[in-house]
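here's a sequence, model it:
(2 chains)
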There are 2 protein chains.
Amino acid sequence: MGFLTHLESIVSQVDGAIACSVMGFDGIAVETHQATAQAEAATSMELSNAWVEYANILQQLKNAAEVLKTGAVAEVSVNSEKLITLMRLVNPDYFLVLGLKPEGNYGKARYVLRVTAPKVKAEL
Amino acid sequence: MGFLTHLESIVSQVDGAIACSVMGFDGIAVETHQATAQAEAATSMELSNAWVEYANILQQLKNAAEVLKTGAVAEVSVNSEKLITLMRLVNPDYFLVLGLKPEGNYGKARYVLRVTAPKVKAEL
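Numbering: from 1, shown residues only, chains lettered A, B, ... in the order given. From the prediction side, this is the model:
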């Protein structure tokens, strides 16, 4: 089973999910699945811009965690007016990122990313 | 009612809360309340180091949001092995930050910060 199946599974399980990617810390997506390709085209463009920016910030948080005594960063979420973004580290080079509508199921999103991360890790 | 009363109220309402601050984006805390001053002294030292780092990252996210079309950032959380940190913007200069044990009540923490932020804003 490839990444894409996992990403599809995440998006289909979470109400309000817009798109999910496996991304490198360089901000380049390895694989992406969008909920509805046509309808959300504009949104997904904005999403990828946001995620490149977030990848950079996640990298900084990861570096900060090495200096601080708070342990490794496992999950980061950024909730803005029009978009909830959840990121979960898969390994030191890659992370899962999920974009949700603000009214989406945040709790389910966290759960699904947590259980899917080890499956994605096994394939990297 | 000053900031401190709000911070005490947040910490007392959330299971697993370690400390809560009103912080500026320069990383300087305006006011802080800790759950149990003596017991958690070491932890709170690490907390303040982490928060200075996070303040910087939150500032970047805020700036990024102006360029991206995702709307203003309202809430950011960083979950690491030993610490959950929740941040909620109060106004363009200040934010609330809450440190939780990893087993703390994350949902309640989000809720309490959301309802308390406007009260703190009214006093700034």
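
which secondary structure elements does the helix-or-strand element of chain A with minimal mean pLDDT contact?
Least confident helix or strand, chain A: helix A:41-67 with a mean of 78, by mean pLDDT, DSSP states H and E. Packing partners of helix A:41-67 (3 or more Cβ pairs under 8 Å, 6 or more residues apart in numbering or on different chains; DSSP states H and E): strand A:17-24, strand A:29-34, strand A:73-80, strand A:83-89, strand A:94-100, helix B:41-67. Every C-beta, even on glycine, is put in place using the N, C-alpha and C of the backbone.

of the ones you listed, which is nearest A:K62?
strand A:73-80 (5.5 Å; Cβ to Cβ).

for the closest one, which strands pair with it and how are they oriented?
Here strand A:73-80 has these sheet partners by DSSP bridges: strand A:83-89 (antiparallel), strand B:73-80 (antiparallel).

just the buried residues of the last one, please?
To tie it back to what came earlier, the one meant is strand B:73-80. Neighbour-count burial for strand B:73-80 flags B:73-80 (criterion: 16 or more other Cβ atoms under 10 Å in any protein chain shown).

quick one, what contacts the residue nearest the centre of chain A?
For chain A, A:V97 is the residue whose C-alpha lies nearest the centre (Cα atoms, centre = their mean; 0.7 Å). Contacts for A:V97 (Cβ atoms under 8 Å, 6 or more residues apart in numbering or on different chains) come out as A:20-21, A:23, A:51, A:54-55, A:85-87.

among the residues you listed, which two are most distant?
Applying Cβ to Cβ across the contacts of A:V97, the maximum distance is between A:C20 and A:A55, 14.4 Å.

so those two - more neighbours on which side?
Using other Cβ atoms under 10 Å in any protein chain shown, the more surrounded residue of A:C20 and A:A55 is A:C20, with 32 against 20.
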